[in-house]
Structure formats: structure tokens, C-alpha cells
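K.L.:
test case, fold it:
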Amino acid sequence: MNFRFKEPRILAWMPFIVIILLILLWQSTPNLPVHNERFMAFGTLMDISIVGVSKELSESAVEQLEKDFQQMHQLWHAWAPGPLGRVNKLLAEGQTFSAPTSVLPLIEVAQDLAQKSDHLFNPSIGKLVSLWGFHTDNPHGHTPPEDNQIKQLLELDPRMSDISIDDFKLSSDNSSVQLDFGAFGKGFGIDRAIEALKEMGIENAIINAGGDLRAIGSRAGKPWRIAVKRPSGAGVLGVIKTNSDESIFTSGDYERNFTYEGKRYHHIIDPRTGYPAEGVSSVTVIHSDATTADAAATALFVAGKKDWHRIARQMQIRYVLLIDSEGTLHMNPAMQKRIELLGSNNKILISPPLT
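P.N.:
Numbering: from 1, shown residues only. Okay, here's the model as predicted:
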């Protein structure tokens, strides 16, 4: 009799016992260490966060990443002396030459991404970028180029497909080709850095280059929360939680620009017109690798609100948020599920699915 009366009492207390055990287990689990560092590279502030490894390994990893990023910046610099400058000089001269191993992989990737984007992503328009005054660390104070200067370059129609690759030999029959990796070099570098962290045994980390990033793993078991800037570049529009290994990149007209006679001119040049792309304020994309995300953000910005969906499908981008110059948010249903908008009263247009 006593046993039969005690059993219900024990069962009644079981939920409370389980809760207490879970609390004790949570309290006894040490917090995973988070190591944060920052340095300058690619002309922007790099923020590195590494979770769950020793301080010694984190510091060693960050030290190596800083060296790697500084080297990549030097190797791929569009207007300072270096391997890329030599490549551009020899291409302009119509020579056939051995490609630097530091530059060839980017050319190969860029040719593929350019084709998928209908050449809206076009790193061969370095002469146009320079003509607009963006081959400088500070573009402010510049004036727009003359229309006839732009027209002359457009008639030469430089494209990544103008570069021939024969084994390790490069050549081009279009002397107007001038490579500028600004539209995806940062993403390519981040991908290389993430792979380096993985080789060191680091599974949870984020590399953030001025708001463009790739995150792997989690932050102490919780997803990395990424803020998406407002079109003005100031304030937060929304938050995206990463899934395991993802890159989030944004191209915006607020990043590099100058103002002349009351009009602002930004650095994202439409290779079809030779002028800064119009009608869009920013584009944010999510993709598995940073290289593609970086290039796609530029391509979709140029594609504009009428053609971004088609180009996104060609580039196999699953998540897109485009904000047009009037403040309307354009996104596909998958992105709508991923982004948590913070107090936004912007008009929202949902496109058909991308997949």
C-alpha cells in the first residue's frame, strides 16, 4: 500500500528533478572562450572572432591571418606596384606571358562568375574604374569624366572572356582590359582565410571585413547574428542568423563615392553604360562561399530591380535582399524567412522563389 502511494509522489516530482539536473549541468558547463581581434586590410577594418579553442591557438591564428591578408592586399592591389599591375601592363601591350600564381586563380574564378552574371560582374573594367577616380584611397574631390572618355572605353568593350589562358600563359587581344579585383578580391581572401582556420582545427569563427563576412560553426552553440545595414549605411535594417557555414555580403552605394555639384557618384560601375549603376541603394546576398557572394552582390546591384532575379538564378544565389533607391525592399521568399527586420516600415515586394 505504501509503495503504491509513494510512486505517484515520485512521478509528480520527476519534472522538477529533471529541471534541477539540467540547471546544474548548464552551470557546470564552462563557457566557451571567445577570442576577438581586429586589424586593417583591403582598406577596411577586419574583425576576427574565434570560439572554443585556446588563447594561444587563437592568437597564433589571427597573427597568421593578418600576415596573409596584408600579403593578399599587396598582391592584388589594383593601382599600386605588384603582380596585378604587371599583369595589366603586359595585357595592354598584347604580350603572352607566364601568369603569376597569385593572380591566375582569381582570373579563372572571375571568368566563370562573369559569364554566369552576363558580364554584369566584370573585373576587366579597371580603366573605367580608374577614369572615375576610384583608383585611390580617397575618391572625394574628384569630378566625373567626360562623356567621350567613357564612350571610347565602352566601344572597346573589355570582358573577362577577352583573356586567354593556355596552361599558365596569359594573353589578350583587347588592349582595354585592365583587371581590378575590388568587386570580389575581399571575398576570395576571406575564403582562403577560413580554409586556413579549418586546417588549424578551428571550427567556430567569423571573419568580418567591414560588414562583409563568412562565418563557420556557431558562437558557443548559438548562430552568429549578422546585422544588415540600412541603405544609408547608418543603422541596422535587420538581422540574419547564419547556418553552419555561410557568407553574407552587401554592395551599397554608400561605400565609396564622391559628390560633384550636388550629385553623388558611387564606385559600382555598370559595364554596359560606363556610369555608376542607378536605381539601387544596396544588395545583400547569402551564399556558401564568400567569393561568389561578393561577386553576386555587385552583379545584382548592376542588374537592378528589373533583372536581379534572373541573374541571381544564373549565379545560383538562393537568398537576396535588394533595396532600391526609393527604399522598397525586394527579396525572394527564402530570404524573407531568414531576415528579421527591425522596425522597418519600408514597402516590401516578394519575388517568385529562386529555386
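K.L.:
distance from stretch 321-335 to the middle of the chain?
P.N.:
17 Å (CA atoms, centre = their mean, to the nearest Å).
K.L.:
so where is the protein shaky, pLDDT-wise?
P.N.:
Judged by pLDDT under 70, the chain has its weakly predicted residues at 1-31, 233.
K.L.:
what about S58, which helix or strand?
P.N.:
helix 55-75 (DSSP states H and E).
K.L.:
so which elements touch the helix or strand following that helix?
P.N.:
Remark: after helix 55-75, the chain's next helix or strand is helix 83-92, criterion DSSP H and E. For helix 83-92, the elements it packs on are strand 169-172, judged by 3 or more CB pairs under 8 Å, 6 or more residues apart in numbering; DSSP states H and E. Bear in mind the C-beta positions are built from the backbone N, C-alpha and C, glycine included.
K.L.:
now what about the strand it packs on, what contacts it?
P.N.:
Applying CB atoms under 8 Å, 6 or more residues apart in numbering, the external contacts of strand 169-172 come out as 87, 90-91, 94-99, 104, 107, 162-164.
K.L.:
just the buried ones from those residues?
P.N.:
Among the contacts of strand 169-172, the ones that count as buried by 16 or more other CB atoms under 10 Å are 87, 90-91, 99, 104, 107, 162-163.
K.L.:
greatest separation within the residues you listed: which pair is it?
P.N.:
With CB to CB as the measure, no two of these lie farther apart than L104 and D162, at 15.9 Å.
K.L.:
what's I311 sitting at in phi/psi?
P.N.:
Note on I311: its backbone torsions stand at phi -70, psi -40 [degrees, to the nearest 10].
K.L.:
what's the burial count for it?
P.N.:
For I311, the count of nearby residues is 21 (other CB atoms under 10 Å).
K.L.:
what's next to the helix holding S58, contact-wise?
P.N.:
33, 35, 37, 39, 41-43, 46, 48, 50, 80, 82-84, 100, 102-103, 185, 189, 192-193, 196-197, 200-202, 207.
K.L.:
if we can go back for a sec, pipe the contacts of strand 169-172 into a markdown table and attach secondary structure and distance to I317 per row.
P.N.:
Compiled in a markdown table, those are given as follows (DSSP: H, G, I helix; E, B strand; the rest coil; distance: CB to CB, whole Å):
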| residue | secondary structure | distance to I317 |
| --- | --- | --- |
| V87 | helix | 29 |
| L90 | helix | 34 |
| L91 | helix | 30 |
| G94 | coil | 36 |
| Q95 | coil | 36 |
| T96 | coil | 35 |
| F97 | strand | 35 |
| S98 | strand | 34 |
| A99 | coil | 29 |
| L104 | helix | 25 |
| I107 | helix | 22 |
| D162 | helix | 25 |
| I163 | strand | 25 |
| S164 | strand | 28 |
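K.L.:
tell me the one of the residues you listed nearest A303?
P.N.:
D162 (21.5 Å).
K.L.:
gap between the closest one and H135?
P.N.:
Applying CB to CB, to the nearest Å, the value for D162 to H135 is 20 Å.
K.L.:
same deal with R310?
P.N.:
With CB to CB as the criterion, R310 and H135 are 31 Å apart.
K.L.:
neighbour count: those two, which is higher?
P.N.:
A direct count of neighbours by other CB under 10 Å for R310 and H135 places H135 higher, at 18 against 13.
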